[in-house]
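S.K.: Here is my input, please return the structure:
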Amino acid sequence: MKRILLTVALGLATTAGAFAQGELVFANFAGGASPVNARVTEQATGQPVNSGASANGWFADLFYGPAGAAVSSLTDAGFAVAFKTGTGGSGYFLGGATTLPTTGNTELQVRVWQLAAGSSWAAATGGGIGTAATYTQHGGTEWGYSTPITLNLPTSPTPSPTMSGLAAFQALSVAPIPEPTTLALGGLGAAALFLIRRRK
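M.R.: The predicted model follows:
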């Protein structure tokens with residue numbers, strides 16, 4: 001009888017662990033004991049995203065994985081939280097209390113993109129860490145990544161922690177940049193043309 005009870009208890013513990021969900025407040029602004037103020041700005045204008053001409057056009061997603069995991073291996077939570085607009089709101093997203101299928105120390109990264117490129121990170125960039133070529137083909141011009149942070153995610157109903165440690169970051173241009181070898185070849189070609197013209 002004791003063996004049966006022990007087996008059942010172990011089975012329940014394993015099942016509970018497999019379905020454990022961690023909680024956090026997915027927002028880049030929060031007050032309280034663990035404040036967050038990580039406004040996102042555009043590199044091109046220096047203004048907060050979703051302000052001026054870009055209003056109603058920016059979204060945020062969360063990527064997660066085991067603490068210390070490489071950003072390329074993080075899992076897409078599939079969020080598409082719109083940034084606020086207006087003088088005080090642009091540059092901030094307030095997704096509220098959110099659950100993830102993981103608990104304990106978790107590596108987290110915020111990624112932001114323009115709605116013009118797609119309604120989700122995966123649609124806009126091709127998924128994963130995304131490709132600039134796919135993003136620009138879809139109509140995007142800037143995107144951004146936060147520096148990863150590690151949070152200890154509690155299970156419900158423990159109060160959700162804020163994303164403390166999240167730092168402000170810029171959405172950078174994704175216009176294709178010529179590789180150094182391309183630039184070097186172009187320079188050699190220009191030099192050759194100059195020499196040929198000089199000899200004539």
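S.K.: residue ranges of the strands in the protein, please?
M.R.: In the chain, the strands defined using DSSP state E lie at 22-27, 29-30, 36-37, 40-42, 58-66, 75-76, 81-82, 94-100, 104-114, 142-145, 149-153, 169-173.
S.K.: would you turn those strands into TSV with distance to Gly128?
M.R.: C-beta coordinates here come from the backbone N, C-alpha and C atoms, glycine included. Formatted as TSV, the strands of the chain follow (distance: least, CB to CB, whole Å):
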stretch	distance to Gly128
strand 22-27	20
strand 29-30	27
strand 36-37	26
strand 40-42	21
strand 58-66	9
strand 75-76	8
strand 81-82	19
strand 94-100	18
strand 104-114	10
strand 142-145	12
strand 149-153	20
strand 169-173	18
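S.K.: Out of those, flag the one nearest Thr131.
M.R.: Judged by CB to CB, the one of the strands of the chain that comes nearest to Thr131 is strand 142-145, at 10.7 Å.
S.K.: Run through who's touching that closest one.
M.R.: For strand 142-145, contacts defined as CB atoms under 8 Å, 6 or more residues apart in numbering pick out 40, 42-44, 49, 71, 109-114, 117, 124-125, 130, 135, 169-174.
S.K.: about what we covered before: just send the strands of the chain back as JSON lines, with mean pLDDT too.
M.R.: Output for these, formatted as JSON lines (pLDDT from 0 to 100):
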{"stretch": "strand 22-27", "mean pLDDT": "95"}
{"stretch": "strand 29-30", "mean pLDDT": "96"}
{"stretch": "strand 36-37", "mean pLDDT": "97"}
{"stretch": "strand 40-42", "mean pLDDT": "97"}
{"stretch": "strand 58-66", "mean pLDDT": "98"}
{"stretch": "strand 75-76", "mean pLDDT": "97"}
{"stretch": "strand 81-82", "mean pLDDT": "96"}
{"stretch": "strand 94-100", "mean pLDDT": "93"}
{"stretch": "strand 104-114", "mean pLDDT": "97"}
{"stretch": "strand 142-145", "mean pLDDT": "96"}
{"stretch": "strand 149-153", "mean pLDDT": "96"}
{"stretch": "strand 169-173", "mean pLDDT": "95"}
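S.K.: Need those strands in a markdown table (columns: mean neighbour count and distance to Gly88).
M.R.: Listed next are these as a markdown table, based on neighbours: other CB atoms under 10 Å; distance: least, CB to CB, whole Å:
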| stretch | mean neighbour count | distance to Gly88 |
| --- | --- | --- |
| strand 22-27 | 22 | 14 |
| strand 29-30 | 20 | 10 |
| strand 36-37 | 16 | 12 |
| strand 40-42 | 22 | 14 |
| strand 58-66 | 22 | 16 |
| strand 75-76 | 14 | 29 |
| strand 81-82 | 18 | 16 |
| strand 94-100 | 15 | 12 |
| strand 104-114 | 21 | 18 |
| strand 142-145 | 20 | 20 |
| strand 149-153 | 17 | 24 |
| strand 169-173 | 18 | 19 |
